[in-house]
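Enquirer: have a look at this prediction, sequence included:
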Amino acid sequence: MDIVNFLTSYWFVIVLVLIVFSGLFTVNQGYIGVITMFGRYRRIVRPGLNFKIPILEIVAKRVSIQNRSVELEFQGVTQDQANVYFKAMLLYSVQNADEDTIKKVAFKFVSDRDLMQALIKTIEGNVRSFVATKKQAEVLGLRREIVQYVKIEVDQTLEDWGYHLQDLQINDITFDKLILDSMSKVVASNNLKAAAENEGQALLITKTKQAEADGNSIKISAEAEKEAARLRGQGVALFRKEVAAGMSEAAEQMKQANLDTNVILFSMWTEAIKNFAEYGKGNVIFLDGSADGMENTMKQIQALMVKHAGTSDVK
């Protein structure tokens, strides 16, 4: 009898210990445990070793509070009836680890699959509604605006579910092949137009600068030629003045010596012929070397001297 009582007590203790140990469980880091009793929410437990009432309490769910991501691929239609294809990455998480938030997350949806489906459809619907108000030419430059619009529209809905939209990245926006080809042609034609305009402007600037340079060069050359002509004129005038003065002085001396002034003219004539021969550089010069020719030349020189003398007397 004592042995039976001992064995009964032994097994009772063993069963009791097993029951107590069955109430021990762990929750991994990054998760929050949800405890229910008789199917009704009771409490939440934090990461680490925890205890629940054996048999009565069960761990209904382990809710992840880590960030989660999902890739999306969907299609929208613009205001001008162009198909737009999106590839996006959605990053979301539980709002916080508060008890009320965890209760929403644990019991708002039957499973994570239902949550994911509702979340994806909500995002896609908001993107489509935004794109439907824009034209195809505008969509490519509206990545940031699309993200901001979606965040504003879905934040309240996700908050009711206990979640928060961390980020939405629009990774790729494409159109039908025909539209892409036409857009490429438009871009190419715009580039050609811009290149032609730039080339025309560059050519205009080059021609303008060249014309300005030519004009300045002509102006400078004209000024230099004007100055050179003035100096040459002054030189010729001074030369003639000195020649006339020298001839007048020589003629005066010849008169005082009772000599014929024609000797001066003859000397000038011979000096001129000598100068022609020295500096002609092979050029052919025709001179009348006869006595009549020399006499005519003498008369012309005398006439010039008389004219010059008369002018000097007037002055």
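Expert: On my side now, so go ahead. Residues are numbered from 1 along each chain as shown.

Enquirer: so in the protein, where's the weakest helix or strand by average pLDDT?
Expert: helix 291-314 (a mean of 62; mean pLDDT, DSSP states H and E).

Enquirer: this protein - how does it break down into domains?
Expert: According to automatic domain parsing, the chain is divided into the following domains: 2-64, 68-175, 177-245, 260-315.

Enquirer: rebuild those as TSV, extending it with distance to residue 253 and mean neighbour count.
Expert: In short, each C-beta sits where N, CA and C put it, glycine included. Below are these laid out as TSV (distance: least, Cβ to Cβ, whole Å; neighbours: other Cβ atoms under 10 Å):
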stretch	distance to residue 253	mean neighbour count
domain 2-64	132	13
domain 68-175	103	16
domain 177-245	13	10
domain 260-315	10	11
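
Enquirer: quick one: closest of these to residue 252.
Expert: When the domains of the chain are compared by Cβ to Cβ, domain 260-315 sits nearest residue 252, at 9.2 Å.

Enquirer: contact partners of stretch 147-164?
Expert: Stretch 147-164 is contacted by residues 92-95, 101-105, 108-109, 115, 118-119, 122-123, 126-127, 130, 165, 168-170 when judged by Cβ atoms under 8 Å, 6 or more residues apart in numbering.

Enquirer: so which of those residues are in strands?
Expert: 92, 93, 94, 165, 168, 169, 170 (DSSP state E).

Enquirer: need those residues in a markdown table (columns: distance to residue 216 and pLDDT).
Expert: Converted to a markdown table, the ones in strands among the contacts of stretch 147-164 look like this (distance: Cβ to Cβ, whole Å; pLDDT from 0 to 100):
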| residue | distance to residue 216 | pLDDT |
| --- | --- | --- |
| 92 | 72 | 90 |
| 93 | 73 | 91 |
| 94 | 78 | 92 |
| 165 | 68 | 87 |
| 168 | 63 | 86 |
| 169 | 60 | 86 |
| 170 | 58 | 85 |
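
Enquirer: need the max-distance pair from these.
Expert: The largest separation in the ones in strands among the contacts of stretch 147-164, counting by Cβ to Cβ, is between 94 and 170 at 24.1 Å.

Enquirer: that's a helix at residue 59, yeah?
Expert: No - using DSSP: H, G, I helix; E, B strand; the rest coil, the assignment for residue 59 is strand, not a helix.

Enquirer: check contacts around it.
Expert: If you count contacts by Cβ under 8 Å, 6+ apart, residue 59 has them with 25, 33, 34, 35, 45, 52.

Enquirer: mean pLDDT for the domains of the chain: which is lowest?
Expert: Sorting those by mean pLDDT places domain 260-315 lowest, at a mean of 64.

Enquirer: quick check: the gap between residue 19 and residue 51.
Expert: Per Cβ to Cβ, to the nearest Å, residue 19 is found 12 Å from residue 51.

Enquirer: got it, and residue 9?
Expert: Going from residue 9 to residue 51 by Cβ to Cβ gives 25 Å.
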